[in-house]
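Trainee: Take this sequence and fold it.
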Amino acid sequence: MKILQINASAKREGSESTRLANAITARLRAAEPKAELLLRDLAREPMPALDDAALSALFTPASERSAEQAARVALDDAAIAEIQSAEVVVLGVPMYNFGVPAQLKNWIDAISRAQVTFRYTEKGPEGLLGGKKVYVALTRGGRYRDTPADSQVPYLKTVFAFLGMTDVQFVYAEGLAMGPDAAAEALAEAGREIESLAA
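Mentor: Take a look at the predicted model:
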């Protein structure tokens, strides 16, 4: 089994979402010790934003790209190759201002490429990254689960389904900014949920 772990926190150290993602990966590897792990930390190695230069590079035929354009496309190619080869994807995702971190959005833009990870057909879009299990560890300062203020889960479900990944499981740790007792209980509950994974 090949596991791709994506740490989306802007923090290089002390991120609760990263700790939970690490715990999910550790639990999966305990169940399957020979599992291979590939880690992409978006705080330490951020993906560049999808800007005009990037779009120009992507829409220029490979044989006609400048060295700079080829290097830019190669960054996205590497991210795509990682998720194509993974059987399990684990993400640590904090909530920033009611949305996903910009670092994660840049990664999603990088892996979303027509004719490579999705395509349009006469019946509509078809995701080309099917057959993967996705675990998402969500950390929030407040409590937003199953409320209109939670834009993260609908967005991530939509994006992953569009790319063909429909087997998505969310682990929540909410109320982390609502006092030490609330934070401790939220993390303990998330830990118990993680312990039940792959049992």
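Trainee: What helices and strands are in contact with the longest helix along the chain?
Mentor: Across the chain, the longest stretch assigned as helix under DSSP state H is helix 67-85. Applying 3 or more CB pairs under 8 Å, 6 or more residues apart in numbering; DSSP states H and E, one finds that helix 67-85 contacts strand 2-7, strand 36-41, helix 52-58, helix 102-111. The way it works is simple: take the backbone N, C-alpha and C, and place the C-beta from them, glycine included.
Trainee: which residues make contact with the last one from outside it?
Mentor: This means helix 102-111. With contact meaning CB atoms under 8 Å, 6 or more residues apart in numbering, helix 102-111 is reached by 6, 8-10, 40, 42-43, 46-50, 75-76, 79-80, 83, 91, 93, 96, 117, 129, 159, 163.
Trainee: got the buried residues for it?
Mentor: Neighbour-count burial for helix 102-111 flags Q103, L104, K105, N106, W107, I108, D109, A110, I111 (criterion: 16 or more other CB atoms under 10 Å).
Trainee: Looking at those residues, spot the one nearest L176.
Mentor: Of all these, L104 has the smallest distance to L176: 18.1 Å, by CB to CB.
Trainee: tell me the mean pLDDT for stretch 79-99?
Mentor: Stretch 79-99 shows a mean pLDDT of 98 in the predicted model.
Trainee: which residues touch stretch 74-84?
Mentor: 4, 38, 40, 47-48, 54, 58, 89, 107, 110-111, 113, 116-117, 129, 132.
Trainee: In ChimeraX, how would I select the buried members of those?
Mentor: Selection of buried members from the contacts of stretch 74-84 for ChimeraX, criterion 16+ other CB under 10 Å:
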select :4,40,47,54,89,107,110,111,113,117,129,132
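Trainee: Export the buried residues of helix 102-111 as CSV, with columns for distance to D146.
Mentor: As requested, the buried residues of helix 102-111 are exported to CSV (distance: CB to CB, whole Å):
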residue, distance to D146
Q103, 26
L104, 21
K105, 23
N106, 28
W107, 26
I108, 23
D109, 27
A110, 30
I111, 27
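Trainee: can you redo those as TSV with pLDDT and distance to E193?
Mentor: TSV is the format used below for these (pLDDT from 0 to 100; distance: CB to CB, whole Å):
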residue	pLDDT	distance to E193
Q103	97	25
L104	98	21
K105	98	26
N106	98	28
W107	98	24
I108	98	24
D109	98	30
A110	98	29
I111	98	26
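Trainee: Determine which two of those residues are furthest apart.
Mentor: Q103 and I111 (13.2 Å).
Trainee: Regarding the most centrally placed residue in the chain, what are the backbone dihedral angles?
Mentor: What sits nearest the mean C-alpha location of the chain, by CA atoms, centre = their mean, is L91, with 4.4 Å. For L91, the backbone dihedrals are phi -120, psi 140 (criterion: degrees, to the nearest 10).
Trainee: do V134 as well
Mentor: Dihedral angles (degrees, to the nearest 10) for V134: phi -120, psi 130.
Trainee: ok, it to I80 distance?
Mentor: The gap separating V134 from I80 is 16 Å, by CB to CB, to the nearest Å.
Trainee: Having no further points to raise, I will conclude here.
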